[in-house]
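> got a sequence here, can you build the structure:
(one chain, ligands or ions: 1)
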Amino acid sequence: MEALKDLYHQARETRERAYAPYSGFKVGAAILSSSGKIYAGCNVENISYPCGTCAEAGAIAAMLAGGDTKIQEILVIADSSPLILPCGACLQRIAEFATPDTLIHLADMEGVKQTLPLSKIFPATFTAKELLK
Ligand code: THU
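Model (predicted):
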């Protein structure tokens, strides 16, 4: 429970630093890694629109840079109703470092509103075992 509060606050604080001059839509994400460390990220847009990156991608990059590789829980926050879900590309990014049971917390400016396991949101992940050979 304490960890969830920390996740929320770090995602919320990092969201404030999002660079979203084109959409005006700031997103924050925070990962609780298997080591217990928290890593946060925000969306970073670009004048060349497709170059923009999502908050989840930033949090995942921070996690790897910090020496962790396993997402235990991840929280995504936006000032939005309905709540936002990670986009399709981010679900694939999350799945790379998560398990089907990894919890995804969906939050707005009031708090965490919904928690779902990854398997519920993303039941059919792209996996190509032959690529691991
Ligand atoms: N965005 C995220 O950061 N995460 C998502 O899962 C969905 C969308 C960002 C991308 C873009 O900067 C803005 O939200 C509007 O799409």
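> grab the nearest non-local neighbour of the spatially most central residue of the chain.
Nearest to the mean C-alpha position of the chain, by CA atoms, centre = their mean, lies residue 56 at 3.3 Å. Excluding its sequence neighbours, the residue lying closest to residue 56 (CB to CB, 6 or more residues apart in numbering) is residue 90, at 4.0 Å. No exception for glycine: its C-beta is placed from N, CA and C like everyone else's.
> also residue 83?
Nearest residue to residue 83 in three dimensions, chain neighbours excluded: residue 106, at 4.3 Å (CB to CB, 6+ apart).
> so the one you found is in which element?
strand 103-108 (DSSP states H and E).
> tell me the strands beside the helix or strand following that strand, with direction?
Using DSSP H and E, the next helix or strand after strand 103-108 towards the C-terminus is strand 111-117. The sheet places strand 111-117 alongside strand 103-108 (antiparallel), with pairing taken from DSSP bridges.
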